[in-house]
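Chemist: Quick one, structure for this:
(chains A and B)
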Number of protein chains: 2
Amino acid sequence: MNVEIINTGSELMLGRVLNTHQQWLCRRLADLGHVVTRQVAVADVGKEIQQAVREALSRADLIITTGGLGPTSDDITRELIAELLGKKLIENKDVLAHIESFFAKRNRPRPPKTSVETFVPEGALVFLNQFGTAPGLAMKIGDGSWEMGVGEQNAPSANFHLPSASPKWLVMLPGPPRELRPMFDSSVVPLLKREFADEIFVCRTLRSTGIGESRVQEMVETDLQPLVKLGLEIGYCARPGAVDVRLTASGANAEKIVRDGETVVQKIIGTNIFGFDDDEIENVVVKLLTVHKKTLALAESCTGGLIAHRITNVPGASKVFLGGVVSYANSAKEKFLDVRAENFSAHGAVSEMVAREMAVGAREKFGSDFAIAVTGIAGPSGGTIEKPVGTVFIALASAEKVEVKKMLNPWERETFKQVTSQQALELLRIQLVCA
Amino acid sequence: MNVEIINTGSELMLGRVLNTHQQWLCRRLADLGHVVTRQVAVADVGKEIQQAVREALSRADLIITTGGLGPTSDDITRELIAELLGKKLIENKDVLAHIESFFAKRNRPRPPKTSVETFVPEGALVFLNQFGTAPGLAMKIGDGSWEMGVGEQNAPSANFHLPSASPKWLVMLPGPPRELRPMFDSSVVPLLKREFADEIFVCRTLRSTGIGESRVQEMVETDLQPLVKLGLEIGYCARPGAVDVRLTASGANAEKIVRDGETVVQKIIGTNIFGFDDDEIENVVVKLLTVHKKTLALAESCTGGLIAHRITNVPGASKVFLGGVVSYANSAKEKFLDVRAENFSAHGAVSEMVAREMAVGAREKFGSDFAIAVTGIAGPSGGTIEKPVGTVFIALASAEKVEVKKMLNPWERETFKQVTSQQALELLRIQLVCA
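Modeler: Numbers count the residues shown, from 1 in each chain, chains lettered A, B, ... in the order given. The predicted structure follows:
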């Protein structure tokens, strides 16, 4: 089964927004056993959308488009696809009632522009939008009801083939993620389960930290070879502060092949593996703190609140996370964390001593079991020969001891914060795992 | 001029990673006057990459591929493209010397697997990698030196045309963003300036907050009509807590048409516009604080450090940002911010009174000119009938007054944090602009 995704929107082609649909839809589809074969993004201008849909129809069994269903003048996907398929747009009473009620509930008049959203291609399935006004649409193509559209006349016909034997589905979803995602789960998933046979596909990602990408491969590949012969596919992906090892297989033995592969990798680099699949290190740390019934406080200087932000992205974090101080100014390090002022002149704000006192101070002030402190030079300015940009001290205080690590992360500001926060959370993870 | 981007990597098709190259490259290219016409992502498997490059060669003047140049077994882009173009891979001494020195500087032995990175297609331009080992590559195609590759034999030839008149460039960049980005700026930009004539393209994005997408269009479209007739293109894009209005034009009068459009939009929704183009509200706020010589402190509960993280993403933030407290536990609100304990029972932790005392406490403890405080219910649990999930109080304290706003942001956790932080920063922006 071939699946293609077409994201529309000139804002994508101009680089004004990040395309998050690709990852979200690809992952959801893979979980259902359907690996996306191609993803395309084009501007929301006539020729491009029609051309992309036409090409996808010649290859794919399922095509999902995103965007261009809204009320504004650049929302033209519905019209263009109806034209391509030779379908009339007709008013849908359910959609009209839904939009009327959407605005009535909010005590706002219905903007006249939303009328366009009530017109849908003849014969299309309609998905009402729980979190907005534009409906999603799905059309079965190639079962006899499909006709060549007028848009076709101007097109190069060489790479366009009318689908032959098996019918295809074209699904059109609205652009805003908070509308698209629930609609996919509530409406598209049931459609796929009904229309397409389940395929067995297993994917397992082991997320490691502390070893480089090529070294990881050197360590595991020989022992994985026998499984590769049975159909195991291996992928490696370097991320900020992490290397992912991805094991996939298809078919009846997929589950066993991937599980055996996981056992091999675990045996070789097990202590470096912090999580699996969607795990971020903050989820793992919150889970470990919860299991061990321990609490955490933070004292952040150069990471500027990112560690707290990551921790508080995890639902349930409030049970183990007491809080943190973002002590950007030295005076804040003194007042909130009891760092002694003489340390700043004797050692500098970026020093082992200050990191140590920040961690101890945070642990005492918040009354937590653990406290992490980070102080460093994020750059672009502030570096010296002795302490270049990227220098960072990470301290972890517990009831028993204070551990301090010095790292060098000479990346631009946001990568620096990301990598440093990853290292800080890893320090705590290791201590929790070994406890 | 047609520009296409091809991102390769099975991790993209499985939804394991977010594709950030698309936005970054599209924006950089648009800044140079080249609007990307199509972006494609395919797995790093033979047929797919060759097929995508073949199709792009039939349409585009410039093709940029990302990924698949590294040392591991799934890095096959270089080999596949060389095969498609009928080029031999030959060892490049400069690349070898660069990789040797890369590992020597780090006092690490060179992993044997990196040898594959020293082989480049015959005749290719080589970009040494300042932040990694795999070089970037660029090939001019269609100037006579190009030949049909062996990969071609198995391909459907219908949609592949050998480029005719003007030569094309195929540029291959490594996948990791921290390698790709500096390489693009230092090596690809000079190549483009030399090989392709400048095109005049002007894009201006006005970023607004506080009005919905369709309402924004209704307010501005009539007055923009005369400019649309002159060639102005308008795009609207709804973001968490913001609506972007994008004005673009091409050709000799582009600059004036876009500037006139901006004047029209400013006149109608000027007070709602917080920034332009790449501006995030945190950059605008740090700039305003710097200009007014004012300092800021934060007291965050439900946003969990995100406001501090956003502020500290701005280079130079340390001049105006003193720090913040992430007071997740009530005890932290008491100890660090002097919130009176009786307020928790009388009003609840999520209340106007607690928000007010958090802001006042943060301002006094940090000794700042302004302090922002947020307390709310991020969910998924913790809501009541009176205070449902999404309820949030945002307070802004200054020397003169304390302002508190109650909002309802019933989105999932990460959108909740994003929208709430946006509203909090907007409250401060308005006060700084009106000061």
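
Chemist: Kindly list the single helix or strand of chain A that scores lowest on mean pLDDT.
Modeler: The helix or strand of chain A with the lowest confidence, counting by mean pLDDT, DSSP states H and E, is strand A:233-239 at a mean of 85.

Chemist: tell me the mean pLDDT for stretch A:265-279?
Modeler: Model confidence over stretch A:265-279 averages 93 on the pLDDT scale.

Chemist: near chain B at all, the lengthiest helix in chain A?
Modeler: Ranked by residue count and defined by DSSP state H, the top helix of chain A is helix A:413-434. Yes. If you take Cβ under 8 Å from any Cβ of the partner chain as the test, helix A:413-434 does meet chain B, through A:413-415, A:417. For the C-beta atoms, the positions are set from N, CA and C on the backbone; glycine is no exception.

Chemist: And for stretch A:297-311?
Modeler: Yes. Using Cβ under 8 Å from any Cβ, a contact is recorded between stretch A:297-311 and chain B, made by A:298, A:300, A:303-309, A:311.

Chemist: List the ones among those that fall in helices.
Modeler: Taking DSSP H, the ones among these that sit in helices are A:306-309, A:311.

Chemist: ok, the residues you listed vs residue B:266, which is closest?
Modeler: Distance ranking of these against residue B:266, using Cβ to Cβ, places residue A:309 first at 33.5 Å.

Chemist: Quick check: closest non-adjacent residue to that closest one.
Modeler: In space, residue A:309 comes closest to residue B:305 once its chain neighbours are excluded; the distance is 4.2 Å by Cβ to Cβ, 6 or more residues apart in numbering or on different chains.

Chemist: Show the contacting residues for the one you found.
Modeler: In this structure, residue B:305 makes contact with A:300, A:305-309, A:311-312, A:324, A:326, B:324, B:326, judged by Cβ atoms under 8 Å, 6 or more residues apart in numbering or on different chains.

Chemist: how does it look with 6 Å?
Modeler: Contact analysis of residue B:305 by Cβ atoms under 6 Å, 6 or more residues apart in numbering or on different chains lists A:305, A:308-309, B:326.

Chemist: How about residue A:68?
Modeler: If a contact means Cβ under 6 Å, 6+ apart, then residue A:68 has A:8, A:44, A:75-77 as its contacts.

Chemist: As JSON lines, those residues with distance to residue A:84 would be great.
Modeler: Supplementary listing: the contacts of residue A:68 in JSON lines, determined by distance: Cβ to Cβ, whole Å:
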{"residue": "A:8", "distance to residue A:84": "13"}
{"residue": "A:44", "distance to residue A:84": "14"}
{"residue": "A:75", "distance to residue A:84": "16"}
{"residue": "A:76", "distance to residue A:84": "12"}
{"residue": "A:77", "distance to residue A:84": "10"}
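
Chemist: Could you double-check that residue A:361 lies in contact with residue A:337?
Modeler: Yes. Under the criterion of Cβ atoms under 6 Å, residue A:361 lies in contact with residue A:337, with a separation of 3.4 Å.

Chemist: Report the residue ranges of every domain in chain A.
Modeler: What the record gives for chain A is the domain set A:3-195, A:201-276, A:281-434, from automatic domain parsing.

Chemist: With respect to burial, which of those domains scores highest?
Modeler: For these, the largest average neighbour count (mean count of other Cβ atoms under 10 Å in any protein chain shown) is found in domain A:281-434, namely a mean of 21.

Chemist: starting at the chain centroid, how far to it?
Modeler: Relative to its chain's centre, domain A:281-434 lies at 25 Å (Cα atoms, centre = their mean, to the nearest Å).
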